[in-house]
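Q: Need a 3D model of the sequence below.
(one chain, ligands or ions: 2)
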Amino acid sequence: MAVYKVNVNGASVNLTADDPNTPLLYLLQEQVQLNGPKFGCGLGQCGACTVLIDGVPSRSCTTNVADVAGKSVTSLEGLGTPANPHPIQQAFISQQAMQCGYCVSGPVLYGKAFIDANPGATRDQINTALGQSPLLCRCHAHSRMLNALVLYSQGLTK
Ligand code: FES
Ligand code: FES
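A: Ligands and ions are numbered 1, 2, ... in the order given. Coordinates of the predicted model:
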């Protein structure tokens, strides 16, 4: 059993695994009790398991735990709280951007990373950027999510 020290949402945690290739997603769910990143496809194809690793959107289902030792992982839970949501979460709430919400880690975290690096990005720019990484939503809520990301990009949520 190996121990991997990882900063998860601002707290240092020791993730343990027999196999260094254990998917990060499994350990975030089982050992840190996170509910934000979801198991969708398990193949890196849908984005439901997205987290930020050192600020970079990454698919935790295809990220091995050994590859995140010493790094910082941020999930939806690390952005804000129900009582004090992050502005991008507030934008998703105000636009009613989610239906079931299962996929939302992908659009929120890919969107946040892109918009924070490109403040004021337009709808087309955001759409193009997110289109480079498949983000599947079975509820077909993409256009409402895009509305929320535009709101965040324009700084219209606090
Ligand atoms: S569950 Fe990871 S990309 Fe689908
Ligand atoms: S809101 Fe249901 S899968 Fe996207």
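Q: what's the neighbour count on Val32?
A: By other C-beta atoms under 10 Å, the residues close to Val32 number 17. All C-beta spots, glycine's among them, are computed from the backbone N, C-alpha and C.
Q: so what's Pro127 up against?
A: Not Pro; residue 127 is Asn. Counting by C-beta atoms under 8 Å, 6 or more residues apart in numbering, Asn127 makes contact with Leu146.
Q: does it sit in a helix, a strand or a coil?
A: When classified by DSSP: H, G, I helix; E, B strand; the rest coil, Asn127 comes out as helix.
Q: quick one, domains of this structure?
A: What automatic domain parsing lists as the domains of the chain is 2-77, 87-153.
Q: So the shortest one, near ligand 1 or not?
A: No - applying C-beta under 6 Å from any ligand atom, one finds domain 87-153 separated from ligand 1 by no less than 7.6 Å.
Q: re the thing from before, can you lay out the domains of the chain as TSV showing mean pLDDT?
A: Shown next, in TSV, are the domains of the chain (pLDDT from 0 to 100):
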stretch	mean pLDDT
domain 2-77	98
domain 87-153	96
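Q: want to try JSON lines for those, with distance to ligand 2 as columns?
A: Formatted as JSON lines, the domains of the chain follow (distance: least, C-beta to the nearest ligand atom, whole Å):
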{"stretch": "domain 2-77", "distance to ligand 2": "8"}
{"stretch": "domain 87-153", "distance to ligand 2": "3"}
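Q: how many neighbours does the closest residue to Lys38 other than its chain neighbours have?
A: Leaving aside its chain neighbours, Lys38 sits nearest to Ala48 (4.2 Å; criterion: C-beta to C-beta, 6 or more residues apart in numbering). The tally of other residues near Ala48 (other C-beta under 10 Å) stands at 25.
Q: could you pull out the helices for this structure?
A: For the chain, the helices defined by DSSP state H occupy 24-31, 87-94, 105-117, 123-131, 142-153.
Q: Make JSON lines out of those helices and add distance to Gly70.
A: Shown next, in JSON lines, are the helices of the chain (distance: least, C-beta to C-beta, whole Å):
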{"stretch": "helix 24-31", "distance to Gly70": "13"}
{"stretch": "helix 87-94", "distance to Gly70": "27"}
{"stretch": "helix 105-117", "distance to Gly70": "20"}
{"stretch": "helix 123-131", "distance to Gly70": "28"}
{"stretch": "helix 142-153", "distance to Gly70": "30"}
